[in-house]
Every structure is written in structure tokens, then in C-alpha cells.
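Visitor: need coordinates for the below:
(one chain, ligands or ions: 1)
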Amino acid sequence: MNYIVLDLEWNQAAYKVDEEDELPFEIIEIGAVKLNEKAEKIDEYSVLIRPQVYPFLLRRTKEITHITDEDLDREGIYFDEVCPEFLTWCGKDYIFCIWGTSDLVQLQRNMAYYHLKLPWKYPLKYLDVQKLYALQMEEGKVRRTLEHVIDLYGIPKDRPFHRAVDDAAYTAMVFQRLDREKFESYFSIDYYRLPKNRFEESTYRFNTYLKYVSREFPLKEELMHNRKVRELPCFYCRRNTKRVVNWFSDSQKNYFALGECKEHGLIRGRIRIKTAEDNMGFFAVRTVKPCTEEYKELILKKRDNLTSKRRERRKRVSIKAKQVKAEIKEKK
Ligand SMILES: [Zn+2]
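Guide: Residues are numbered from 1 along each chain as shown. Got it, this is the predicted structure:
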């Protein structure tokens, strides 16, 4: 299996009113580096794309990439022509490696805009090199820029930054320095195309947690009432756990719960609600981990705080309502 290290440059509308809803970011350059299974470089790919939606480059885009409108007019090829050629170059058996999470989304969005067939099997797994670097070097906490990491490794900067094929080449150099055996279990899952039904929904096992991605629901309420979404399986055996603390939220986006497996003890769950790519609905990403007694106390405290806050708010609202009623009565 090969690695396709991909990087894109894109352009957008100068003003929000000119924005095309289905294509907020138009790809203007594709760059990629192909690595074999030993992560040795075997090929490079680079092409400029002639824009069809936003005909002029933003000044910011020009400043960052040093690409000009004239470059695109002279050398650019239309996306719908070049994309199939690029996918042929990628080959049959590969996994995408990307710095961050956005390029794969933009590639699929641009393809969908031109009604090109998305050739991948879903769920689409990829490697986020920025995340892998963070996991290996900084316990996953921060996200560094590509140039920062290149400096840290002391890699000579003999190519410019912010051109697609050069950034792909630098990303590949970082990738080659990572411990591949260790990180390949830390793949990412693309959220552009969500599971279409409950049969397509999957739970993935990572070293320290289970991750489940739901299908899309039109309403948040419906999502959080779904039985599958609300499940809390054991991290070790995946059997359903007995609920210790039911799902509660600290905001509109995060839900927490605790469960207990007879055999494996306490389990903690977290659901993050995300907006689907089409902006028409919501989906859930649920992670499940083993839980310590300390974390259990923390969660119980969090829930109790929220409950008492809500109770107080309700009290205040009802007092206010009584006052208003009394005032109306007096006026009559
Ligand atoms: Zn268990």
C-alpha cells in the first residue's frame, strides 16, 4: 500500500455575498507526493487549476502562495478535467496523508460540485500528519504549523512554503520521521460523507478509546434521543454497561455519561455533536474510555453544579412570572 501525501491550495470569494454555497473554497492547485510502504518517495504530482467559480485570486491568496491570476490563465487546467487524472496517478491501494483535517474535505467538496464520482470506500480513513506529530512529540495536545515542525527537525528549507507540492513534500518529510508502527492505529476518519444509515455506522478501536460516528439527524433533539447514540459500551468487551450517570450536557455540544461493566469496571463516555457538511443536520461522535474514581467524582460534581444552576434559574423565572402576574392583576 502506498501513501499519498496530499496538499491543496484554494481561493474563495472576496465578499460573502458572492460566495457559492456549495463551493466556498475553490481548489487552485493540487500537489502530492507518493510514498511506498516503506515511506520512500517514489513520485511527485503538481498541477495548477484554472478557476471556474471565483475568477480572481484574493490578495491574501496571492500573498501566501505567490500564484498569480496570469499563472492560472496560462497553465491552469479545469478541475473536472484534471481530477480524474490525479486519481489515476494516486493508484489503487493507498491511504491519504494530510497536514490537518481540511484538505480531504475540500477535495471531496470540489468533486461533488462538478458531480465527479467519489471513488473511495467509506468510511474513508486517512492519516493526519499534524495530529500524528502532536501525538508522538507532544502528547497530542497542540497543533503546530508545518514550518515550525520542519524547523524543529532541522530539515533544510530549500523549497518554498505554501505551494501545494512543496508543502506535500515537507509533510512527507515529517511523516518519514514518525514512528509508523505506533501511529498507524491513530488514523482519522473523514466526516465529509457520513454513514447513510445505521448499518453503515461503525465503532472504531484506538489504543486508549473507542470511537463511534453516527449517521446524520435533522435535529439535535432527535440525535440525542436515539438509542444507538445513547449506548455506552465497555471499552474492553464492548458489552453495554450499567448506567451510573446518564447523559447530561454542559453545553449544546458536549454530553457526558458514566457506566459500569460487571467485569471491567467504570467507563466514561463523551458525545460531541457536530454539524454535518451540508449544514442540514447533525451527527454524533462518541468516545468511550476506562474511567478512574477521580474522574467519576469530577463528573458527579459537574452534573450536580449544572443541576443546581438550572434549579436556581427556574426559581428566578417563576418568581419573575409571579411578579408580572401580580402587576397585571393590580392594573386591572
Ligand atoms: Zn467489559
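Visitor: show me where this structure has strands.
Guide: Taking DSSP state E as the test, the strands found in the chain are 2-11, 26-35, 41-48, 94-98, 125-128, 188-189, 202-205, 210-213, 242-249, 254-261, 265-275, 282-290.
Visitor: to K228, which of those strands lies closest?
Guide: strand 210-213 (8.3 Å; CB to CB). For every residue, glycine as well, the C-beta is placed using N, CA and C.
Visitor: for the stretch 151-300 of the chain, which spans come out with low pLDDT?
Guide: 183-184 (pLDDT under 70).
Visitor: coming back round to it: in TSV: the strands of the chain, plus distance to G76 and mean neighbour count.
Guide: Output for the strands of the chain, formatted as TSV (distance: least, CB to CB, whole Å; neighbours: other CB atoms under 10 Å):
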stretch	distance to G76	mean neighbour count
strand 2-11	11	24
strand 26-35	7	23
strand 41-48	5	16
strand 94-98	23	19
strand 125-128	26	19
strand 188-189	30	16
strand 202-205	39	13
strand 210-213	36	18
strand 242-249	47	15
strand 254-261	43	20
strand 265-275	32	19
strand 282-290	35	20
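Visitor: of all those strands, which lies closest to the ion?
Guide: strand 254-261 (3.3 Å; CB to the ion).
Visitor: export only the CA atoms of that closest one, formatted as PDB.
Guide: Extracted C-alpha coordinates of strand 254-261, given in PDB (Å, rounded to 0.1, in the frame of the first residue of the first chain):
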ATOM      1  CA  ASN A 254     -20.900  18.100  24.700                       C
ATOM      2  CA  TYR A 255     -22.600  15.300  26.600                       C
ATOM      3  CA  PHE A 256     -21.100  13.100  29.300                       C
ATOM      4  CA  ALA A 257     -22.100   9.800  30.900                       C
ATOM      5  CA  LEU A 258     -20.600   7.100  33.200                       C
ATOM      6  CA  GLY A 259     -21.300   3.400  33.100                       C
ATOM      7  CA  GLU A 260     -20.100   0.200  34.800                       C
ATOM      8  CA  CYS A 261     -19.200  -3.100  33.200                       C
END
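Visitor: and it, how far out from the chain middle?
Guide: On the basis of CA atoms, centre = their mean, to the nearest Å, strand 254-261 sits 23 Å off its chain's mean C-alpha point.
Visitor: residues of the stretch 151-300 of the chain that sit close to the ion?
Guide: C234, Y236, C237, C261, E263, H264 (CB under 5 Å from the ion).
Visitor: now with 6 Å, please.
Guide: C234, Y236, C237, R239, C261, E263, H264 (CB under 6 Å from the ion).
Visitor: isn't the fifth one right next to T241, touching?
Guide: Yes. Here C261 reaches T241: they are 4.8 Å apart, a contact under CB atoms under 8 Å.
Visitor: where do the contact lists of the two overlap?
Guide: Shared contacts of C261 and T241 (CB atoms under 8 Å, 6 or more residues apart in numbering): C234, I267.
Visitor: ok so, going back, turn the strands of the chain into a markdown table, columns for distance to Q136.
Guide: What follows is those, written out as a markdown table (distance: least, CB to CB, whole Å):
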| stretch | distance to Q136 |
| --- | --- |
| strand 2-11 | 16 |
| strand 26-35 | 18 |
| strand 41-48 | 21 |
| strand 94-98 | 14 |
| strand 125-128 | 12 |
| strand 188-189 | 15 |
| strand 202-205 | 20 |
| strand 210-213 | 19 |
| strand 242-249 | 33 |
| strand 254-261 | 27 |
| strand 265-275 | 24 |
| strand 282-290 | 20 |
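Visitor: what's the nearest residue to E293 if we skip its chain neighbours?
Guide: Spatial nearest neighbour of E293, chain neighbours left out: L266 (7.5 Å); criterion: CB to CB, 6 or more residues apart in numbering.
Visitor: OK, contacts around the one you found?
Guide: Here L266 is in contact with V244, L258, G259, E260, P290, C291, T292, E293, K296 (CB under 8 Å, 6+ apart).
Visitor: between those, which sits nearest G140?
Guide: For the contacts of L266, the nearest to G140 is P290 (17.3 Å; CB to CB).
Visitor: that closest one pairs with what?
Guide: Under DSSP bridges, the beta-bridge partners of P290 are I267.
Visitor: any idea how far it lies from E263?
Guide: Separation of P290 from E263 (CB to CB, to the nearest Å) stands at 12 Å.
Visitor: residues bridging contact with these two, i.e. touching both?
Guide: Y236.
Visitor: and the chain, what are its domains?
Guide: The chain breaks down by automatic domain parsing into domains covering 2-188, 195-305.
Visitor: can you lay out the ones you listed as JSON lines showing distance to E327?
Guide: Listed next are the domains of the chain as JSON lines, based on distance: least, CB to CB, whole Å:
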{"stretch": "domain 2-188", "distance to E327": "45"}
{"stretch": "domain 195-305", "distance to E327": "33"}
